[in-house]
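>>> Sequence first, predicted model second:
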Amino acid sequence: MSAPTLVDFDDVVDRYDPMLGLEVHVELSTNTKMFCGCPTEFGAEPNTQVCPTCLGLPGSLPVVNRTAVESAIRIGLALNCDIAPWGRFARKNYFYPDMPKNFQTSQYDEPIAVNGHLDVTLEDGTVVRVEIERAHMEEDTGKSLHVGGATGRIHGAEYSLLDYNRAGVPLIEIVTKMIPDTGARAPEVARAYVTALRDLIRSLGVSDVRMDQGSMRCDVNLSLSPRGSGILGTRSETKNVNSLRSVERAVRYEMSRHAGVLDAGDKVVQETRHFQEDTASTRSGRIKETSEDYRYFPEPDLVPIAPSAEWVEELRGTLPELPWERRARIQREWGLSDAELRDLVNAEALDLVAATVDAGAPSGDARSWWVSYLSQQANTRGVVLDALPITPAQLARVIELVTSGELNNKLARQVVDGVLEGEGEPDEVVAKRGLAVVSDDGALIAAVDEALAAQPDVAEKIRGGKVAAAGAIVGAVMKATKGQADAKRVRELIIERCGA
Amino acid sequence: MSPDSPSSGGAITRDEVAHLARLARLAVTDDELGVFAGQLDVILGAVARVGEVAADDIPPTSHSVPLENVFRPDERRPSLTQEQALSGAPAAEGGRFRVPQILGEEQ
Amino acid sequence: MNDDLTRLSAAELATRIHSREVSAVEAAQAHLDRIEAVDGDVHAFLHVGAQAALESATLVDESLAAGTAPASPLAGVPLALKDVLTTTDMPTTVGSRILEGWRPPYDATVTSRLRAAGITILGKTNMDEFAMGSSTEYSAYGPTHNPWALDRIPGGSGGGSAAALAAFEAPLAIGTDTGGSIRQPASMTGTVGVKPTYGGVSRYGLVACASSLDQAGPCARTVLDAALLHEIIGGHDPLDSTSIDAPVPAVVEAARRGAEGDLRGLRVGVVRELTGEGYQAGVQENFDAALRELEKLGAEVVEVSAPHFQYGLAAYYLILPSEVSSNLARFDAMRYGLRVDKGASAEEVMAATREAGFGPEVKRRIILGTYALSSGYYDAYYGQAQKVRTLISRDFAAAFEQADVLVSPTAPTTAFPIGDKVDDPLAMYLNDLATIPTNLAGTAAMSVPSGVAAEDGLPTGLQIMAPALGEAVMYRVGAAYEAARDAADGSAFATRAPELEVRA
């Protein structure tokens, strides 16, 4: 297949309107799977979290996890959806080796939540309302490992190895309506939506929403129509979009690719494509010999779910403070400007700062650490901020040590570095690296006297009342004590020794 | 109703049977195609009788017991051991089920 | 002595075991010997677990010797288990090549309950592949022969369980009934078979044919024995979402009460659409005689109409294949069962394995179901069949307004010769005309022997149908009729089966 012609992005949006749709799968962090009592933890030995039901053994039967249903309803409520008063699971029939029953138990035309919306704030503060079509429950598939061939990918593999630990883990699929009129901002809107959804679901405490671990996955649907024509274009569905950055890049790439196809007078093929992280492009799946027909029908092994109004209201009562409510409160409490708040949000630092404040640190200090020093560290390491191996509680302890004078800022950074290097808790790093501020006046006085003796002219100036000249002596003492002295105390001692 | 609906009494063709067999992952033989096409035609002729019932206003029954909201608590039950899980496997390797190369894409 | 033990009812055998007149091991051994002697001709069993059976019986004997009360009224009594329920100590093949030799890592709930009740499981019985068939000829392991006439079919799909009873290889058996697979073989072998209310017995570990229709149930030679077994296997199971969370109907008490022979105050409805044309003469005669017997017992016989029953067969042969096509998709050579290594890809191996591992009837129904669920046909076929299902349930509801139980012949004919209908699927399907409506509605029904047909000397069955969870009245009527019939004949019905040749 020849490489697709890509049209320059600015050119695309000059001549086409993008229509964007997003399908996000969220793995719930319930104790057990959707339909059986197996654990859902990530990373166990293969095929040790399986039972007859999630392995699809003959004779096994599913039973719905109540907590998964409650999580689905809570997600629906947080997305301003209507909760369906009655609905059934259906079977989606297709053969694939990672699916033990060769059908997926899913909600098809009777989803538990419909017709909601999520307001999404873009980087510059613009708010876009994304309409939610539905949120429904289904089960995850197993995982395959492709052996042989060059890349470990499915193509060229000699055989595959299957682990069904993930099979049957509860999934909530959240589907937007088509998002119109995003124009050049389509990539940004897509990213902002997924980010907002992630924050919302995290606040509900129902999922880890870790895109890097696959507990949140995104499919991007995109089509173009000639600018202002209102004619719906043919859409592509891009799977495998596994980071926030990829969401943005996938939309951008597909817009350029669609425009290339349309400009050439060709038709866009309605197909599933796969996002390629390394090249930031998408690749077509294998063209199937037969068109897919999933032959949905109501799952006879499960009875309908009919949430009563009382149950739904009870669950509504369990909703925590949602992200936008929390942001408003934090802005008020910390006295932040809109821009300051946005910076925090855009740096993905809000939760971390809030947690640090909760652990006892002043908000100003907490903000400054996360937004500057730690953000730099995350950048250097190429990880997202919350993947840094330091907890808000640990940072709060460092800040506490600074406030109490036991550390100065320079030492505090060294302590944080130690924590990031895995040397233990802040106090352990202080002890191991010997980073405590020298507060023993005896030792400091000796250092001060030595410095004064070494620079008699400066000492004379100070004695003569030019207190500002003390800076040079402070510097010398700090150097002599390898930065471990409390500069303020050193200055006091200098003035004391000079009798100024 | 669509033109190919059963009431039109169109015969089921070998090609259709072949398509269905592909969907159902059955590598049927040429001989079987002919036999099945003939038999399914007779059977479909008989079962198409459901179309004679005027049932526009009748709700469908998917479950014969009038049960709703059957849930289990989110509590763990013992899983199988890896050995039990793999006990029936035609082939296994490193604690995983070993299967021939997969051609299609994940869905 | 040993031979005598195989002729006893389960209730009588249990009494002797619990009074320690005979041991559970002796009872098990007697039946294992009988299997050894006659099963070469009958072929009721696919697997006999002699050692496990004797071990289980030994535990019962030890427990009784220690003065412990029996674990259940049937502790120590042997049983034949249909090979569709999973067992950890025996293979579970469902009569199919695709599961040849498969050893499940778990027990079905029914299996667990049998074990907990101290019942001795002798082995696994033959069946039509995946319970699809009405003659047991579609078993991948060869047909079962009717003990009443070895050249005839024993009915199906549970022909193995029914034949085991009729051949005195076991006094109890478990069957499963999706469209008549317990009742029709009972009718053909002169035994008692009960299809409980859908949701009355757990389906966990029952290898699915059609999930919304399948139901396991008790098989025996007497109504009381079936009732005793029913109470052991029935009841709520949290592992089956469709299991009814209600007490098991008091069927043992009802059977005992029925045997007293008084049915005054009960109305028995004859379903007009399930008699007459299409029913073999001897079947109809015995049915009419049974009605007279019921009247003599004091029941009022009324005629009821169920106008939509005539569409039952058509609806059934859409719903069942649809569910089958999905339920049987998991047999794909990836995780368990047969793998035919033909082709380089998983897809090719799946297709080659399924082609080689499934028999023609299974393939036919998979293809039919795939068709009925296809997007262009769903509404006309599957959707419409589900509406007919609603109408059939409504017919039942209306009929049960007029009668406490409904009756019909269980099957339109007596047992036919092996090979007669094997290549004519539609003719085979007609066997289940009278039994299917009950499965579609999820209600309860049983078959009780109603004599032998005058023209061929083969057994016929009386079907008694009851509303959902209405098993008590059904057992009462069944037991009353059975007692009256035996009194009229001067002997228990099952003892009239011809003697089988015993091989050393």
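Great, that's in hand.
>>> mind listing the strands for the stretch 51-200 of chain A?
Along the stretch 51-200 of chain A, the segments classed as strands by DSSP state E, counting those that start in this stretch run A:64-65, A:82-83, A:90-93, A:103-106, A:113-121, A:127-139, A:143-147, A:159-163, A:170-176.
>>> what residues are up against C:T86?
A:57-59, C:92, C:104, C:106-108, C:111, C:205, C:207 (CB atoms under 8 Å, 6 or more residues apart in numbering or on different chains). For every residue, glycine as well, the C-beta is placed using N, CA and C.
>>> center of chain B, which residue is that?
Nearest to the geometric centre of chain B sits B:A24, at 6.6 Å (CA atoms, centre = their mean).
>>> my guess is that residue contacts C:L368, does it?
No - using CB atoms under 8 Å, B:A24 is not in contact with C:L368, being 10.0 Å away.
>>> which neighbours do the two share?
Both B:A24 and C:L368 are contacted by C:S325, under the criterion CB under 8 Å, 6+ apart.
>>> mind checking the backbone torsions on C:A164?
As for C:A164, its main-chain torsions (degrees, to the nearest 10) stand at phi -60, psi -40.
>>> out of the contacts of C:T86, who's near chain B?
Applying CB under 8 Å from any CB of the partner chain to the contacts of C:T86, one finds that C:104, C:106 fall near chain B.
>>> Please name the strands paired to the helix or strand containing A:T238 in the sheet, noting orientation.
In this structure, A:T238 sits in strand A:236-241 according to DSSP states H and E. Pairing partners of strand A:236-241, with direction, according to DSSP bridges: strand A:216-226 (antiparallel), strand A:271-276 (parallel).
>>> Adding distance to B:A91 and mean neighbour count as columns, could you present the ones you listed in CSV?
Below are the strands paired with strand A:236-241 laid out as CSV (distance: least, CB to CB, whole Å; neighbours: other CB atoms under 10 Å in any protein chain shown):
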stretch, distance to B:A91, mean neighbour count
strand A:216-226, 29, 23
strand A:271-276, 28, 19
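>>> Mind putting those into JSON lines with mean pLDDT?
Converted to JSON lines, these look like this (pLDDT from 0 to 100):
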{"stretch": "strand A:216-226", "mean pLDDT": "95"}
{"stretch": "strand A:271-276", "mean pLDDT": "90"}
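>>> Make CSV out of those strands and add distance to C:S322.
Listed next are those as CSV, based on distance: least, CB to CB, whole Å:
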stretch, distance to C:S322
strand A:216-226, 29
strand A:271-276, 27
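>>> And those strands: which comes nearest C:A116?
Proximity to C:A116 (CB to CB) singles out strand A:216-226 among the strands paired with strand A:236-241, at 44.1 Å.
>>> Please export the C-alpha coordinates of the closest one as CSV.
Below are the C-alpha coordinates for strand A:216-226, written out as CSV (Å, rounded to 0.1, in the frame of the first residue of the first chain):
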residue,chain,number,x,y,z
MET,A,216,-8.6,3.9,29.8
ARG,A,217,-8.6,3.5,26.0
CYS,A,218,-9.9,5.8,23.3
ASP,A,219,-11.2,5.3,19.8
VAL,A,220,-11.4,8.3,17.6
ASN,A,221,-14.1,8.6,14.9
LEU,A,222,-13.5,11.3,12.4
SER,A,223,-15.0,12.4,9.1
LEU,A,224,-14.7,15.6,7.0
SER,A,225,-17.2,17.5,5.1
PRO,A,226,-16.5,20.3,2.6
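>>> got the angle for that strand vs strand A:170-176?
Orientation check (axes from the mean of the first three to the mean of the last three CA atoms, to 10 degrees): strand A:216-226 against strand A:170-176 gives 20 degrees.
>>> List the contacts of B:A27.
Contact analysis of B:A27 by CB under 8 Å, 6+ apart lists B:21, C:342, C:348, C:351-352, C:354-355.
>>> ah, wrong one, I meant C:L458
With contact taken as CB under 8 Å, 6+ apart, C:L458 is in contact with C:146, C:148-149, C:152, C:188, C:414-415, C:452.
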